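1. Structure for this input, please:
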Amino acid sequence: MRLRQIALVGADLEKASADIRAVLGLDYAYADPGVAKFGLVNAVFPVGDTFLEVVSPREPGTTAGRLLEKRSGDGGYMVILQVDDIEAARARIKAHNARIIEQADFDGVAMSHIHPKDIGGAIVSVDQMIPKARWEWGGPDWEQHVRADVSVSIVGAELQGDDPEAMSARWSDVLGRPREETRDSWRLALDASEITFVNAADGRGEGLSAFTVAVRDPAAVRAAAKARGLIDANGTVLICGTRVHLKAA
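-> Predicted coordinates:
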């Protein structure tokens, strides 16, 4: 199991995309026509062989739109995990009484979305691709557009809530990954990535609060963010209402 894609929700897709290009050095985005069924438009950026997505409502009454209202602005939306055995993952989800709210199986692609109320913090999807290197949501030719001179890969996601211990336990049960307590958080280790769970301290409630990107030069990324006014009061990069932790590649 690995973290393959992070999705954010933003009211202004063009602005969020421009910030991502300028700060993280990504220069290509795929517009997935499949999100139209959810009343959304999107942009999906390859970050090495991982992906950063921004979704934006194009009509009233969407789940993404309700989240924008609930959390008072842009923020984290979805965590997408890649697995090797989708049927085993689905069986575990069912065994732990988590609802699957969206499911698809077609042409080497299988995915299941877990209801956020049944796992906590975000919509979680478990996806299988055949062949393994494929990523349907990045478009048919994403590999030709990878730009890794600034950002190398997404290596972590952070969920916040009032009870991070309970949330991490639920994720561990539903996903079948062991958890461990760290100094100020709980952690689920994935292949080449991790999920962490922290106390909500920003007044925005439960949600996907941050993600971690491995970058070539963290200082240069921070400078690019500062030039666009995208540094929060704690000195952390902020894109589409979501903190971006930088890890030196």
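2. Can you mark which positions in the helix or strand of the chain with the lowest mean pLDDT are buried?
-> Ranking every helix and strand in the chain by mean pLDDT, DSSP states H and E puts helix 63-70 at the bottom, with a mean of 91. Neighbour-count burial for helix 63-70, with 16 or more other C-beta atoms under 10 Å as criterion, is recorded at 63-65, 67-68. C-beta coordinates here come from the backbone N, C-alpha and C atoms, glycine included.
3. Stretch 223-231 too?
-> For stretch 223-231, a neighbour-count test (16+ other C-beta under 10 Å) marks 224-225, 230 as buried.
4. now do stretch 43-62
-> For stretch 43-62, burial by neighbour count (16+ other C-beta under 10 Å) applies to 43-58, 62.
5. OK, contacts around Ala224?
-> If you count contacts by C-beta atoms under 8 Å, 6 or more residues apart in numbering, Ala224 has them with 22-23, 25.
6. By neighbours, which of those wins?
-> Val23 (26 neighbours; other C-beta atoms under 10 Å).
7. Assess the claim that it and Leu230 are in contact.
-> Yes. The criterion here is C-beta atoms under 8 Å, and Val23 meets it with Leu230 at 6.2 Å.
8. Overlap of the contact sets of these two?
-> Counting by C-beta under 8 Å, 6+ apart, the residues touching both Val23 and Leu230 are 237, 239.
9. Identify all contacting residues around stretch 112-122.
-> With contacts defined as C-beta under 8 Å, 6+ apart, stretch 112-122 is touched by 76-79, 86, 89-90, 93, 97-103, 123-127, 159-161, 166-167, 170-171, 174, 197, 206-208.
10. How much space separates the nearest residue to Gln103 once chain neighbours are set aside from Arg177?
-> In this structure, Gln103 finds its nearest non-sequential neighbour in Ser112, 4.8 Å apart by C-beta to C-beta, 6 or more residues apart in numbering. Distance of Ser112 to Arg177, given as C-beta to C-beta, to the nearest Å: 16 Å.
11. What of Phe106?
-> From Phe106 to Arg177 the distance is 27 Å (C-beta to C-beta).
12. Give me the more crowded residue out of those two.
-> Set Phe106 next to Arg177 and count neighbours by other C-beta under 10 Å: Arg177 wins out with 18 against 8.
13. separation between the residue nearest to Asp191 when sequence neighbours are not counted and Glu194?
-> Excluding its sequence neighbours, the residue lying closest to Asp191 (C-beta to C-beta, 6+ apart) is Arg2, at 4.1 Å. Between Arg2 and Glu194 the distance is 10 Å, computed by C-beta to C-beta.
14. swap in Ala201?
-> 20 Å.
15. got the CA positions of the strand or helix carrying Ser153 in CSV?
-> Assigned by DSSP states H and E, Ser153 belongs to strand 151-161. Below are the C-alpha coordinates for strand 151-161, written out as CSV (Å, rounded to 0.1, in the frame of the first residue of the first chain):
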residue,chain,number,x,y,z
SER,A,151,9.5,18.5,-6.6
VAL,A,152,10.3,14.8,-6.5
SER,A,153,7.3,13.1,-4.9
ILE,A,154,4.5,13.3,-2.4
VAL,A,155,5.6,11.3,0.6
GLY,A,156,3.1,12.0,3.4
ALA,A,157,-0.4,13.1,4.4
GLU,A,158,-1.5,14.6,7.7
LEU,A,159,-5.0,14.3,9.1
GLN,A,160,-6.1,16.4,12.0
GLY,A,161,-8.9,15.8,14.5
